[in-house]
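In: Here's a sequence, model it:
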Amino acid sequence: MRTLRYVAMLVYGALAFAQRPSGQDTAALVEKARQKALAYTQSLPDFVATEVLHRYSGSMGRGYGGNPIDTLTIQLRYLHHKEDHKLMLVDGKPAGRTFETLEGTVSSGEFGATLSAIFDPATETAFHWQNWKNLRGRRVAVLGYEVTGAQSHYRLGTTADGRTVSADAGYHGVLEIDSETGEVLRLEYVADHVPESLHLTYAGTTVDYALAGIAGRNYLLPSRSETEMRGSTAWARNVIEFRDYHRFSVDSTVDFGPVK
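Out: As a prediction, this is how the structure comes out:
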C-alpha cells in the first residue's frame, strides 16, 4: 500500500509540475520578475571581475565551426551601477589598444541593463507562457516575450575600418525565471527586422546567471554569455566567461595569470 501511495504522489507531482498556470498566475509571475529585474542593478555592490572573451568567425559557406580569432582578457569594473571595461590581454599578451577601439563583435549589458529594458513598463513587452523546466534543481518557468521596434532599446552596431554603424531593432526571446524568487536565471534575445545598414541577417545573445560570492554575500551574476551574428557571407560568435568576482576597492587587483 505504501508503494502504491508513493507512486500516486509521484504521478500527481509530475502532473502539477507540467500544469499550465492560469493567465492570472502568469501575470503575477511576470510582475514578481519585473520587481526583481528593476531592482537588480541597484542591489549590486561595486565589484571587479574578469571577462574572458573567446571570439570566432567564419564564412557562411563553411557553416558554424571553430575558427578562433582571438581571446581577450578584460577587467570589468562595476561602479555606481555602471559597467566599465578595460582590455588587459590579447591572446595572453599585454593589449596595445583600448576596449573602445576593438573591431569585430563585442557586447555589454549583461549586468541588468537588458533585463531592466525588457521589464520596464514603458517598453510594453508582451509576455507569453511556454512551459516549466528544472534548472540546477530549481523549478523554472519559461516565458517567451516580444519587444517591438518602436519601444526597443536594443542597439546593434558594427565596427570596421574605424567606422561604426549602429541602429535600434526590435527583439524577441525567452526568459527562464525561478518560480519561487522571480529571478531570471537565463536570458535569450534575438533581433527582429535588423536594419539593412548593418548588413546582418541574424543577431542573438544568451546569458546564464549563477550565484557568485562578493564580500561574503551571494549575488546572482552572469556566469556565461554567448552572442552570434550572421551576415550574408560571414558570421561571428563570442563566448564570454565571467570569473573572479570580488568587491571593488581602491587597491583592488585582478590576477590575469602568467603573461606570455
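In: Give me the contacts around the longest helix along the chain.
Out: Identified as the longest helix of the chain according to DSSP state H is helix 23-43. For helix 23-43, contacts defined as CB atoms under 8 Å, 6 or more residues apart in numbering pick out 21, 81, 111-113, 115-116, 118-121, 127, 129, 141, 143, 175, 177, 179, 181-184, 219. For every residue, glycine as well, the C-beta is placed using N, CA and C.
In: In ChimeraX, how would I select the buried members of these?
Out: This is how ChimeraX selects the buried members of the contacts of helix 23-43, with burial counted by 16 or more other CB atoms under 10 Å:
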select :111,112,113,115,116,118,119,120,127,129,141,143,175,177,179,182,183,184,219
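In: Looking at the contacts of helix 23-43, which are in strands?
Out: Using DSSP state E, the members of these that fall in strands are 127, 129, 141, 143, 175, 177, 184, 219.
In: partner residues bridging the residue nearest to the fifth one when sequence neighbours are not counted?
Out: The reference is to residue 175. Ranked by CB to CB, 6 or more residues apart in numbering and with sequence neighbours excluded, the top spatial neighbour of residue 175 is residue 143, at 4.9 Å. Here residue 143 sits in beta bridges with residue 129, residue 175, going by DSSP bridges.
In: quick one: contacts for residue 143?
Out: 26, 29-30, 127-130, 174-175, 177.
In: Take those residues and write them to TSV, including distance to residue 87 and pLDDT.
Out: Shown next, in TSV, are those (distance: CB to CB, whole Å; pLDDT from 0 to 100):
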residue	distance to residue 87	pLDDT
26	43	95
29	39	96
30	38	96
127	37	97
128	40	95
129	42	96
130	38	96
174	31	98
175	31	97
177	34	97
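In: Understood, closing this out.
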